[in-house]
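Visitor: This is a predicted model, with the sequence first.
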Amino acid sequence: MNVFDRAALLEGLQRLGLTHMQQVVEHRAEEAAAASSGYLEFLYQLVEEELAVRFERYVETRTRLANFPFRKTLDQFDFAAQPGVDKRAIMDLASMAFIERATNVILLGPPGVGKTHLAVGLGTEAIRRGYSVYFIRLEDMMQKLIQAYKEGCFVQKLRVYLKPKLLICDEIGYTTLDRLGSHLFFELVSKRYEKGAMILTSNKSYGAWGEIFDDHVIAAAILDRLLHHSLTINIRGESYRLREKLKAGVLGGIVPPASVDTKA
């Protein structure tokens, strides 16, 4: 290949946006020549490598936009250390069929048993399968929605949480919503009903949700829509974090909290 042809090739790849191919084409050509690969095989390998790099860029961008509190996969979850988690049910969810069916997944259990890790892991897998995902704590989301409501732009703000194919709402039960917040959350649930899947995590049984939303009637209406198409996974076990502290002797004789009663 002469200098002119080389420069033209590299410029053409750049203009086409094939940036990774531009970086590796000469090295891959040398490898193909050494292996006596045919032209089509050489081109196929280049295209496959470019597609793989683009996919990883896509995943990285979508993962960053998903607002996860940390990066964890389902493969990193220690099912052996947390036997209270139904591994088969989680692996079934990893197929992402629940997103296609706009089914909700509710993870119930005491603090520290891995609910958020599982939610993030499922969200990460959803991104790799091409779905848009957004993660937010209930308290943070309601602060934003209440502020938008007071500023007269609630409908516009609500669209942020309606757009993703999968919305992950974390830590339901750690704070109590007032009447306005409860009604705005009901609006979100109603708008996503049978249109978009949600994963919700909570340390409270369904029977206690009337206290969370400060109104048993609105809590019942929320649960009616959430549970119509849903799967509830009850997690019983000890807190990962407290278990590690106990092993290290940091907490002395403190006993980890008992598993929450997750029955409705």
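Guide: In hand now; what should we look at? This is a predicted model, so every value here is computed, not measured.
Visitor: what residues are up against the nearest residue in space to residue 204 that is not next to it in sequence?
Guide: Excluding its sequence neighbours, the residue lying closest to residue 204 (CB to CB, 6 or more residues apart in numbering) is residue 173, at 3.6 Å. Bear in mind the C-beta positions are built from the backbone N, C-alpha and C, glycine included. Shown in contact with residue 173 (CB atoms under 8 Å, 6 or more residues apart in numbering): 202, 203, 204, 208, 209, 212.
Visitor: Can you tell me the SS state at residue 233?
Guide: Recorded secondary structure, residue 233: strand (DSSP: H, G, I helix; E, B strand; the rest coil).
Visitor: what's the burial count for it?
Guide: Applying other CB atoms under 10 Å, we find 20 other residues in the vicinity of residue 233.
Visitor: I'd say it and residue 107 touch.
Guide: Yes: contact criterion CB atoms under 8 Å: residue 233 and residue 107 qualify, at 5.3 Å.
Visitor: for stretch 219-236, how far is the first residue from the last?
Guide: 24 Å (CA to CA, to the nearest Å).
Visitor: Just the buried residues of that stretch, please?
Guide: For stretch 219-236, burial by neighbour count (16 or more other CB atoms under 10 Å) applies to 219, 221, 222, 223, 225, 226, 230, 232, 233, 234, 235, 236.
Visitor: where's the fourth one relative to residue 57, distance?
Guide: In this structure, residue 223 lies at 40 Å from residue 57, with CB to CB, to the nearest Å as the measure.
Visitor: How about the first one?
Guide: Going from residue 219 to residue 57 by CB to CB gives 43 Å.
Visitor: how about the helix or strand encompassing residue 89: buried residues?
Guide: Per DSSP states H and E: residue 89 is located in helix 87-93. Residues of helix 87-93 classed as buried by neighbour count (16+ other CB under 10 Å): 90, 93.
Visitor: Nearest spatial neighbour of residue 209, chain-adjacent residues omitted?
Guide: Nearest to residue 209 is residue 219, by CB to CB, 6+ apart, at 4.4 Å.
Visitor: Check residue 83 too.
Guide: For residue 83, ignoring the flanking residues on the chain, the nearest one in space by CB to CB, 6+ apart is residue 237 at 6.9 Å.
Visitor: Residue 182 too?
Guide: Per CB to CB, 6+ apart, closest to residue 182 is residue 213, 4.0 Å.
Visitor: Quick check: the gap between the residue nearest to residue 83 and residue 87.
Guide: Counting by CB to CB, the gap from residue 237 to residue 87 is 13 Å.
Visitor: would you list every one of the helices in the stretch 151-264 of the chain?
Guide: Taking DSSP state H, counting those that start in this stretch as the test, the helices found in the stretch 151-264 of the chain are 154-162, 179-192, 209-212, 216-228, 240-247.
Visitor: Of all the ones you listed, which one is nearest residue 111?
Guide: Nearest to residue 111 among those is helix 240-247 (8.2 Å), distances taken as CB to CB.
Visitor: Let me know the average pLDDT across the closest one.
Guide: Averaged across helix 240-247, pLDDT comes to 55.
Visitor: same deal with stretch 153-166?
Guide: Rounded mean pLDDT across stretch 153-166 is 98.
Visitor: try stretch 124-139
Guide: The average pLDDT within stretch 124-139 is 98.
Visitor: Can I get that stretch in PDB, CA atoms only?
Guide: The C-alpha trace of stretch 124-139 is given here as PDB (Å, rounded to 0.1, in the frame of the first residue of the first chain):
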ATOM      1  CA  THR A 124     -27.300  -3.100  33.800                       C
ATOM      2  CA  GLU A 125     -28.500  -6.200  32.000                       C
ATOM      3  CA  ALA A 126     -31.400  -4.300  30.600                       C
ATOM      4  CA  ILE A 127     -29.100  -1.700  29.100                       C
ATOM      5  CA  ARG A 128     -27.000  -4.400  27.500                       C
ATOM      6  CA  ARG A 129     -30.200  -5.700  25.900                       C
ATOM      7  CA  GLY A 130     -31.000  -2.400  24.400                       C
ATOM      8  CA  TYR A 131     -33.500  -0.900  26.900                       C
ATOM      9  CA  SER A 132     -33.400   2.600  28.400                       C
ATOM     10  CA  VAL A 133     -33.100   2.600  32.200                       C
ATOM     11  CA  TYR A 134     -33.200   5.200  34.900                       C
ATOM     12  CA  PHE A 135     -32.400   4.700  38.600                       C
ATOM     13  CA  ILE A 136     -33.500   7.100  41.400                       C
ATOM     14  CA  ARG A 137     -34.300   6.900  45.100                       C
ATOM     15  CA  LEU A 138     -37.900   7.600  46.000                       C
ATOM     16  CA  GLU A 139     -37.000  10.500  48.200                       C
END
